[in-house]
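> missing the sequence, but the structure's below:
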């Protein structure tokens, strides 16, 4: 999928399908430790978006939020058009982050050099968003310890 000849952009529907396939594999791997809920209107499926933007976000939810948690968790992917912007929110009911950890992750996203392999998917996704859409289009993170994490991206809606 990432090497497809269509370049760096894909229809949102292709991104959704690839991410759903990834989640099916991880659901088997993690013995149904989580459920994924998708919430998006049909009329946005043809919006163009950078390839492999969704998958790293749900991957981050699984590895950092859900895997270390006991019990069942939920991943919710919500996609909406907000004027001229496409807004994607990936929320998990995993372990969440305390304020200091959240601050460190946010600082890491804003550096030019990433030395650790922790959160490399978020770092690379954030870098690709900025390179494609400009510096004002970046990942935003909200998290609360023992409640979960939300990752929000807003990008121009290109049809």
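Sure, I can see it. In this text, all values refer to a predicted model and were calculated from it rather than measured experimentally.
> Next SSE downstream of the helix or strand hosting residue 90?
For residue 90, the element it lies in under DSSP states H and E is strand 85-92. Remark: after strand 85-92, the chain's next helix or strand is helix 99-109, criterion DSSP H and E.
> Can you list the buried residues in that next one?
For helix 99-109, a neighbour-count test (16 or more other Cβ atoms under 10 Å) marks 102, 105-106, 108-109 as buried. Using the backbone N, CA and C atoms, a C-beta is placed for each residue, glycine as well.
> Closest one of those to residue 49?
Minimum distance to residue 49 across these is 19.1 Å, recorded for residue 109 (Cβ to Cβ).
> out of the buried residues of helix 99-109, who's nearest residue 25?
Proximity of the buried residues of helix 99-109 to residue 25 (Cβ to Cβ) peaks at residue 105, which lies at 25.4 Å.
> Test my guess that that closest one contacts residue 122.
Yes - using Cβ atoms under 8 Å, residue 105 is in contact with residue 122, at 7.3 Å.
> Each with direction, which strands does the strand holding residue 90 pair with?
strand 73-82 (antiparallel), strand 148-156 (antiparallel) (DSSP bridges).
> Tell me the gap between that strand and the middle of its chain.
Distance, stretch centre to chain centre, for strand 85-92: 7 Å (Cα atoms, centre = their mean, to the nearest Å).
> which residues touch that strand?
Applying Cβ atoms under 8 Å, 6 or more residues apart in numbering, the contact partners of strand 85-92 are 12, 34, 44, 47, 49, 53-54, 57-58, 60-62, 65-66, 73-81, 148-157.
> List only those of those flagged as buried.
Buried members of the contacts of strand 85-92, counted by 16+ other Cβ under 10 Å: 12, 34, 44, 47, 49, 53-54, 57-58, 60-62, 65-66, 73, 75-77, 79, 148-155, 157.
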